[in-house]
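**Student:** This is the structure alone, sequence omitted:
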Ligand SMILES: Nc1ncnc2c1ncn2[C@@H]1O[C@H](COP(=O)(O)OP(=O)(O)O)[C@@H](O)[C@H]1O
Ligand SMILES: CC(=O)N[C@@H](CCC(=O)OP(=O)(O)O)C(=O)O
């Protein structure tokens, strides 16, 4: 009997959070590095279904960098990254579209549906969700030490988001699972970093939360200690003083952009932890790093 009451108490602890997030949109970016082990993939699918059944509107945006890398390697095509972006020629673009829009997207959809959810997989091309343009990248020329534009192929940036298709899916109780591929004005296909897509979609939906699942506990300080909250105003300093580097830079920047676009709170959490999403949503302290506007 005592055990049953303890269980009921644990369930009741989640009540304030369920009330708070009822009817709200939560955008979850599911990174390629976070989708490795079978039990984690199942746990993720079940967390998403749980959110849906208790009245939230989860929207999944996924990556798949390592999965693209594996296929390119098997095809003996070399991957090159500049400022965290994969240089994407037309052959690479075909592989990216095939892997992200095909295998990775459908695996997530299958897992969610297998565990009792109702997911629909789309890319940013479907329903005109993401209008993209070629990303103009600048880099310092080491000889002249002046900035110049470099061509990294079919890498895109989001020009605009039309969330109609997401609204339509929500009205019919489907869970959208979105691959980060966008269509250009002239029918081009663009490969877009999944963090950037998640940030833009969260902003366009005015989501309550943007959760970025990654392969580390959260943002760490120079001593390697987890920073549990970051005010958006502190972000430029943390980047300029080298605390935040590499793949974490686009992540925190997209959190800042999402907050500026009206998202209430953003989180960078460890996707290698079982039930990471639920722990973030339904516990007092949450896990990982929250990036938000704390000071006025
Ligand atoms: N201050 C920091 N705190 C945590 N991770 C950091 C920090 N600065 C750089 N990183 C790096 O950023 C990585 C996460 O970015 P990335 O590998 O692109 O993730 P994903 O594949 O999930 O998109 C971490 O594994 C870590 O190596
Ligand atoms: C332009 C660019 O780099 N696109 C990424 C898209 C996938 C992605 O972002 O996957 P993760 O979230 O798993 O890193 C790529 O080609 O790898």
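**Tutor:** Sure, I can see it. Predicted model, so just to flag it, every value in this text is computed and none were measured. Ligands and ions are numbered 1, 2, ... in the order given.
**Student:** ok and the residue in the stretch 1-150 of the chain nearest ligand 2?
**Tutor:** Closest residue of the stretch 1-150 of the chain to ligand 2, C-beta to the nearest ligand atom: residue 63 (2.1 Å). Using the backbone N, CA and C atoms, a C-beta is placed for each residue, glycine as well.
**Student:** So the closest residue to that residue other than its chain neighbours versus residue 59, what's the distance?
**Tutor:** Distances taken as C-beta to C-beta, 6 or more residues apart in numbering put residue 194 closest to residue 63, at 3.6 Å, once the chain neighbours are dropped. As for residue 194, its distance to residue 59 is 13 Å (criterion: C-beta to C-beta, to the nearest Å).
**Student:** try residue 281
**Tutor:** Taken as C-beta to C-beta, the span from residue 281 to residue 59 is 14 Å.
**Student:** residues near the residue nearest to residue 103 when sequence neighbours are not counted, how many?
**Tutor:** Closest residue to residue 103 apart from its sequence neighbours, by C-beta to C-beta, 6+ apart: residue 67 at 6.9 Å. Counted with other C-beta atoms under 10 Å, the neighbours of residue 67 add up to 19.
**Student:** same check, this time on residue 147
**Tutor:** 10.
**Student:** any idea of the pLDDT on residue 259?
**Tutor:** pLDDT for residue 259: 97.
**Student:** Surely the residue of the stretch 1-150 of the chain closest to ligand 2 touches residue 30?
**Tutor:** Yes: if you go by C-beta atoms under 8 Å, residue 63 and residue 30 touch, sitting 6.9 Å apart.
**Student:** residues touching the residue nearest to residue 63, list them.
**Tutor:** The contact partners of residue 194, by C-beta atoms under 8 Å, 6 or more residues apart in numbering, come to 29, 31, 32, 61, 62, 63, 64, 65, 180.
**Student:** That one and residue 86: what is the separation?
**Tutor:** 11 Å.
**Student:** what sits in contact with each of those two?
**Tutor:** Joint contacts of residue 194 and residue 86 (C-beta under 8 Å, 6+ apart) are residue 65.
**Student:** and the closest residue to residue 217 other than its chain neighbours, how many neighbours?
**Tutor:** Distances taken as C-beta to C-beta, 6+ apart put residue 270 closest to residue 217, at 4.8 Å, once the chain neighbours are dropped. Residue 270 is flanked by 19 other residues according to other C-beta under 10 Å.
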